[in-house]
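Enquirer: predicted model follows, preceded by the sequence.
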Amino acid sequence: MYPLIEIKTVPIEIEMKTHNARLEYRRGTAEMEISRDTGGLNIKSRPIRLKLDTFEARNSLSPTPMRSITEAAQKGRQAAYQATGTYARHGKLFLNAKVGEDVVGKILAEPMQEAMNVEAALDFLPQGGVNMDWEAGEMQIRYEMDKLNFDWKVDNASFEFIPGDIEISVSQMPDVIIKYIGGPLYVPPSADPNYQPVDIEA
């Protein structure tokens, strides 16, 4: 008599992977931006200024209408003063006249005597001079160099700690394998070619 059934067990298979803890260092970065402010050369020049005022000289040759009116008014005022003085003097002569005195002849002789008393004079034109005024020249030079601006952007370094890790995976599940290892079964048993009757007498 031999066994008819073979039972086989398959154990579980487990894979385990471990990752050690580590400390990672991240290096800092630095960026620099450069910008330029452009300078330049600036020159400002002003030449000499000469101012000539010829108003009085031109008025002595050809007076302006305003100046002509002013001079005519002054001459009219002076003529009025002279006429007033002349009339006063003539009136005084008439008041102090004596009998037989020729007062009218004296009055008529005055213009002739005044004409003889006129003095000749030499005059030059133009009478007014030229007023001169000047301003000195000026020069300004301004030079400005270019400027460089540096802008630094620094990212600080840092440390990062990565903890350890364990990975567990099942590569083979447990199993039970039952296998029939016996021969074929015949019903009835006498159909088996290798059938041998059972001796029940013994």
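Expert: In hand now; what should we look at?
Enquirer: now the closest residue to Val130 other than its chain neighbours. Its backbone dihedrals?
Expert: In this structure, Val130 finds its nearest non-sequential neighbour in Thr54, 5.2 Å apart by CB to CB, 6 or more residues apart in numbering. For the C-beta atoms, the positions are set from N, CA and C on the backbone; glycine is no exception. Phi and psi for Thr54, reported as degrees, to the nearest 10, are phi -110, psi 20.
Enquirer: with Tyr186 instead?
Expert: Note on Tyr186: its backbone torsions stand at phi -110, psi 140 [degrees, to the nearest 10].
Enquirer: and the gap between the nearest residue to it once chain neighbours are set aside and Ala21?
Expert: Distance criterion CB to CB, 6+ apart; nearest residue to Tyr186, sequence neighbours excluded, is Asp192 at 4.3 Å. Separation of Asp192 from Ala21 (CB to CB, to the nearest Å) stands at 69 Å.
Enquirer: equivalent analysis for Ile7, please.
Expert: Taken as CB to CB, the span from Ile7 to Ala21 is 45 Å.
Enquirer: going along the chain, name the strands of the chain.
Expert: Counting by DSSP state E, the segments of the chain that form strands are 5-10, 13-19, 22-26, 29-37, 40-46, 49-53, 131-135, 138-144, 147-155, 158-162, 165-172, 175-180.
Enquirer: mean pLDDT added to those, as JSON lines?
Expert: Below are these laid out as JSON lines (pLDDT from 0 to 100):
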{"stretch": "strand 5-10", "mean pLDDT": "89"}
{"stretch": "strand 13-19", "mean pLDDT": "90"}
{"stretch": "strand 22-26", "mean pLDDT": "83"}
{"stretch": "strand 29-37", "mean pLDDT": "85"}
{"stretch": "strand 40-46", "mean pLDDT": "86"}
{"stretch": "strand 49-53", "mean pLDDT": "83"}
{"stretch": "strand 131-135", "mean pLDDT": "82"}
{"stretch": "strand 138-144", "mean pLDDT": "88"}
{"stretch": "strand 147-155", "mean pLDDT": "84"}
{"stretch": "strand 158-162", "mean pLDDT": "85"}
{"stretch": "strand 165-172", "mean pLDDT": "89"}
{"stretch": "strand 175-180", "mean pLDDT": "88"}
